[in-house]
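> Pasting a predicted model and its sequence here:
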Amino acid sequence: MEMDRMDENDWKYHEEGNKSLVVCHVQHCRVLRLLKYPAEDSENPPQTAEQAFRQIQNIVDFTSNVMSRLLGDKFVHSGEVVRLPLEFVRQLSIKIQHQRPAWRCDKVMDIYSGCALCLPNLTTPTQYQPTATPPICIEIKPKWGFLPSSKHVSRDIKTRVCRYCMHQHYKVANGKWKRRSLYCPLDLFSGNRQRMHFAIRHLIEEPQNNFKVFKGGQCIYSSKEGSEGSPDMNALLHHLRPYFLRGNNRVNGHMTAKAVLNDFIQVLVNALLSPAGGDGGPLTHRAPEGRSFCEASLFSNERVRHGSQGLPSSSVLSRILQTQMLDALDIEGLYPLYCRVEQHLQDFPKDRTRLQIDGPYDQNFLENVQKSSMEDDGSVEYAAAKVHQYRIAMTAKDCSIMAALVPSVKEEDDDEGLSSQKHLRDFRPQAFSSSVSILDLDPKPLDSIPRQLRLDQKIVACYLRTGGALPMGSLPLLPNFIAAAEREDRTLLFQPA
Ligand SMILES: O=P(O)(O)O[C@@H]1[C@@H](OP(=O)(O)O)[C@H](OP(=O)(O)O)[C@H](O)[C@H](OP(=O)(O)O)[C@H]1OP(=O)(O)O
Ligand SMILES: Nc1ncnc2c1ncn2[C@@H]1O[C@H](COP(=O)(O)OP(=O)(O)OP(=O)(O)O)[C@@H](O)[C@H]1O
């Protein structure tokens, strides 16, 4: 990419999160991830161009020297910082503005620094031969996969109901989402296929910001925050059906909605359980010490027919879970150590650099963090190491997985026009290759820790206040959806020829 010849017409709006906005190239498999600032800062950028460059370089360093080593380099793309012409960035911002979701417009795209992070476009994987059907990519933000077992946890409920399930009640009570998701991360991270299937069904049903589907690089399925309606699952099924044409589940040549959904979830579960293939990183799988079931999950313990298999140690979910578990103290045990660091920095501001509070996230950073002693000797070094471990765990609790499912090319694909062969081909089971990546591995700032404590307290208080009950109408509609889709199936089957 020649940075001095950048043309905004070569780029289009892709997606955005809370802190960054992503545009993708119309031809090449590249994205630019640009920083966002609060809208009130739009006239006065909160940092200089050099600070913005440093922030993005920190993301690259943290991703490659810390997260990639913990999660496995096969899953992680660090990208590179690029400097862009300011006029290009301004024109791009104007061009994409109308495509941005209203609920993300409390922040504006950074048009001042001219810096961005350039990454491969993970929704259009290139390492596969082109097939008639483009790859389907599924993005999952799995969130916290374990219950804390730290002795510092003051409320018993936190050891029985997972943070995501409790947070759902808080989010519905505060109007962030209209309906509660029945997805439970502990089911997804269980490694048990039935529980994982159950978890993904609930992600599909109520995706919120935890689930998106892309086809040929376009987002075809996601939630809109605050929206009344559910996303269009019939449209999703319409997109998925051609990928899952197979003999077994057909009724008179037509595949039921339930069968399409089941096959889709099964292929996704396979991708999530597949091994890294390369250097999976230095972790060995350690099972969570707390309970492995969340009391709020609707998956009944008794339904696990074949016992809990656990996660394969080099699978993407295992890697993420192990990294999340670096939070061994829970925010309640961590907060006093954070205060020790803060106090020390007030007394000795120059130690901010020595303790690597804002980086640099160089090769030594992870080693220093890992070799910290187990026992608290009262030092600021011990406290800083624990705070760093917690921040690494926070990143793993907020990252996303992108699983690209690519239909395997079959020999008969070249035999266009041979209708009998085509007929045969349609009835063979569809095979997929998959490639899995992890995105959004930014370091979390030190000052996010007090916010985490406050949020933890609010979530628990809200859950205890409501006793886990929710307002009428805030439960999702999957059984209705399946029933409706099956009714539609029957209608299709009995259409007159
Ligand atoms: O604190 P949480 O668990 O609500 O997570 C925040 C996410 O909310 P979620 O619950 O996933 O809807 C939040 O996601 P949304 O903006 O809600 O899509 C961000 O990911 C936020 O990270 P950052 O501050 O932008 O780096 C996340 O904040 P931190 O990971 O920094 O805590
Ligand atoms: N390399 C990539 N390829 C394709 N799509 C991407 C890529 N990186 C990000 N995206 C898309 O852009 C969205 C926003 O990116 P990202 O999650 O990194 O933003 P964020 O602002 O850090 O998110 P958060 O709200 O979690 O803080 C992602 O959810 C994903 O859909």
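Here it is on my side, so go on. Residues are numbered from 1 along each chain as shown. Ligands and ions are numbered 1, 2, ... in the order given.

> show me the contacts for the residue nearest to residue 295 when sequence neighbours are not counted.
Nearest residue to residue 295, sequence neighbours excluded (CB to CB, 6 or more residues apart in numbering): residue 160, at 4.7 Å. C-beta: built from backbone N, CA, C; applies to glycine. Shown in contact with residue 160 (CB atoms under 8 Å, 6 or more residues apart in numbering): 147, 291, 294-295.

> Export those residues as TSV, with columns for distance to residue 459 and neighbour count.
Listed next are the contacts of residue 160 as TSV, based on distance: CB to CB, whole Å; neighbours: other CB atoms under 10 Å:
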residue	distance to residue 459	neighbour count
147	14	21
291	18	14
294	14	22
295	15	15
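
> Of those residues, just say which sits nearest to residue 100.
Nearest to residue 100 out of the contacts of residue 160 is residue 294 (CB to CB; 34.5 Å).

> And the closest one, how close does it get to ligand 1?
For residue 294, the distance to ligand 1 equals 16 Å [CB to the nearest ligand atom, to the nearest Å].

> Now that residue. Its backbone dihedrals?
Main-chain dihedrals, residue 294, degrees, to the nearest 10: phi -100, psi 130.

> and the residue nearest to residue 295, how far is that from ligand 2?
According to CB to the nearest ligand atom, residue 160 stands 27 Å off from ligand 2.

> Next: residue 150.
Computed as CB to the nearest ligand atom, the residue 150 to ligand 2 distance reads 25 Å.

> since we're on the residue nearest to that residue when sequence neighbours are not counted, how many residues are nearby?
Counting by CB to CB, 6+ apart, residue 330 is the residue found nearest to residue 150 once chain neighbours are left out, at 4.1 Å. Look at residue 330: counted by other CB atoms under 10 Å, it has 20 neighbours.

> can you list the residues of the stretch 51-200 of the chain near ligand 1?
Counting by CB under 6 Å from any ligand atom, the stretch 51-200 of the chain comes close to ligand 1 at residue 167.

> Spell out which parts of the stretch 51-200 of the chain neighbour ligand 2.
119-123, 139.

> Now do the same for whatever residue of the stretch 201-350 of the chain ends up closest to ligand 1: its pLDDT.
Across the stretch 201-350 of the chain, the shortest distance to ligand 1 (CB to the nearest ligand atom) belongs to residue 209, at 4.0 Å. Residue 209 is assigned a pLDDT of 95 by the prediction.

> swap in residue 130?
60.

> Does the residue in the chain that ligand 1 sits nearest to belong to a helix, a strand or coil?
Using CB to the nearest ligand atom, the closest approach of the chain to ligand 1 is made by residue 18 at 3.2 Å. Secondary structure, DSSP: H, G, I helix; E, B strand; the rest coil: residue 18 is coil.

> Distance of it relative to residue 25?
24 Å (CB to CB, to the nearest Å).

> out of those two, which sits in the more crowded spot?
The neighbour count for residue 18 versus residue 25, taken as other CB under 10 Å, is higher for residue 25 (17 against 11).

> By neighbours, which of the residues of the stretch 51-200 of the chain next to ligand 2 wins?
Neighbour counts for those (other CB under 10 Å) peak at residue 123, which has 27 neighbours.

> can you tell me the helix or strand for it?
Secondary structure assigned from DSSP states H and E places residue 123 in neither a helix nor a strand.

> now do residue 137
In this structure, residue 137 sits in strand 136-140 according to DSSP H and E.

> got the CA positions of that strand in PDB?
Below are the C-alpha coordinates for strand 136-140, written out as PDB (Å, rounded to 0.1, in the frame of the first residue of the first chain):
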ATOM      1  CA  ILE A 136     -18.500 -17.500   6.200                       C
ATOM      2  CA  CYS A 137     -16.800 -15.800   9.100                       C
ATOM      3  CA  ILE A 138     -18.200 -15.800  12.600                       C
ATOM      4  CA  GLU A 139     -17.100 -13.300  15.200                       C
ATOM      5  CA  ILE A 140     -17.600 -14.200  18.800                       C
END
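
> Tell me which other helices or strands that strand touches.
Packing contacts for strand 136-140, counted by 3 or more CB pairs under 8 Å, 6 or more residues apart in numbering; DSSP states H and E, involve strand 211-215, strand 400-407.

> Which of those sits closest to residue 350?
Nearest to residue 350, of all the helices and strands packed on strand 136-140, is strand 400-407, at 36.8 Å by CB to CB.
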